[in-house]
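1. next come a sequence and a model predicted from it.
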Amino acid sequence: IGRAITRKPQVFLFDEPLSNLDAALRVQMRVELAKLHDKLNATMIYVTHDQTEAMTMADDIVVLNSGVISQKGSPLELYNNPDNLFVGGFIGSPKMNFISSKIISKSNDKTELDLLGSSKITIPKSSSTASEGDSVMLGIRPEHLTVNEESDGSWESKVFVVEKLGSGTFLYLEKEGEPLVVQTEGDSKIKVGDTVKVGFSSSRCHIFDSSNNAFK
């Protein structure tokens, strides 16, 4: 990097430069590279499989799938509004939860779903290419699921694994055999074996059709 800087290039290309560093040094170098970017005011193209690096360092992210661009946009745009199932599952750690669903009814601005035959929910999104009876995938991020609160489309589930990270707690559950991850508060008292009531806000959900494209 130092040798490249002396040549005063207008564009830098980084190919996973932090992949061989330990966790602590990665954090330090992410900060240093961000400062360097601001100081040099040069274009930096940064290739990485590390989502944290992409989300924290980029002004724009281009997500590639088998050499094809799946979506381009700001980090938060890709995180909050993925265009397709691949981007929804790729951006974020733990990744977005996916629940197999079927369309019960739809209008111009909302879609009612049957979630694995066990609960129903109405999502304020629609698609002109989808029809009643179509199989779709419901996507919801771990932090947008709720535990033991009254919310849309709630159901009960047993906790199989608990990960306490201090800043947050991850609960690993299942819904009709499909794995789910819920993020809750760091001092959560929930333990392995507990049965909890899981729900979510319909406004934070995503729907992906049979072609893996997102409803808007």
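-> It's in. Because the structure is predicted, anything quoted here is derived from the model rather than measured.

2. tell me which residues touch Val181, please.
-> Neighbouring residues of Val181 by CB atoms under 8 Å, 6 or more residues apart in numbering: 94, 97, 142, 170-173. In this view, the C-beta of every residue, glycine as well, is placed from N, C-alpha and C.

3. which of those are buried?
-> Buried by 16 or more other CB atoms under 10 Å: 97, 142, 170-173, out of these.

4. from the contacts of Val181, which has minimum pLDDT?
-> Ranked by pLDDT, the contacts of Val181 bottom out at Pro94 (90).

5. wait, isn't that one in contact with Pro142?
-> Yes. Counting by CB atoms under 8 Å, Pro94 does reach Pro142; the two are 5.3 Å apart.

6. what sits in contact with each of these two?
-> 170, 181, 183.

7. hang on, the first one packs against Pro179?
-> No. Applying CB under 8 Å, one finds Phe170 not in contact with Pro179, separated by 11.9 Å.

8. so which of the shared contacts of Pro94 and Pro142 are in strands?
-> 170, 181, 183 (DSSP state E).

9. nearest to Pro9, out of the buried ones among the contacts of Val181: which one, please.
-> Pro142 (40.2 Å; CB to CB).

10. sheet partners, orientation included, of the longest strand along the chain?
-> When the chain is parsed with DSSP E, its longest strand is strand 97-106. Here strand 97-106 has these sheet partners by DSSP bridges: strand 111-115 (antiparallel), strand 135-140 (antiparallel).

11. what about the longest one, distance to the chain center?
-> Same thing as strand 135-140. Remark: strand 135-140 is offset 13 Å from the chain centroid, using CA atoms, centre = their mean, to the nearest Å.

12. give me the contacts around it.
-> 82, 85, 88-89, 96-103, 113, 115, 121, 123, 130, 200, 204-210, 212, 215.

13. buried residues of that strand, list them for me.
-> For strand 135-140, the neighbour count (16+ other CB under 10 Å) marks 136-140 as buried.

14. try the first one
-> Buried residues in strand 111-115, counted by 16+ other CB under 10 Å: 111-113, 115.

15. same check on stretch 67-84?
-> 70-71, 73, 75, 78-79, 82-84.

16. sorry, back to before: with distance to Glu53 added, can I get the strands paired with strand 97-106 in TSV?
-> Formatted as TSV, these follow (distance: least, CB to CB, whole Å):
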stretch	distance to Glu53
strand 111-115	34
strand 135-140	23
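
17. which of those strands comes out lowest on mean pLDDT?
-> strand 111-115 (a mean of 90).

18. any idea of the angle the lowest-mean-pLDDT helix or strand in the chain forms with strand 135-140?
-> Ranked by mean pLDDT, DSSP states H and E, the weakest helix or strand in the chain is strand 152-158, scoring a mean of 81. Going by axes from the mean of the first three to the mean of the last three CA atoms, to 10 degrees, strand 152-158 is angled at 80 degrees with respect to strand 135-140.

19. let's have the chain start at 111 instead
-> I'll keep to 111 as the first residue from here, and by that count the last item is strand 262-268.

20. good, we can wrap up now.
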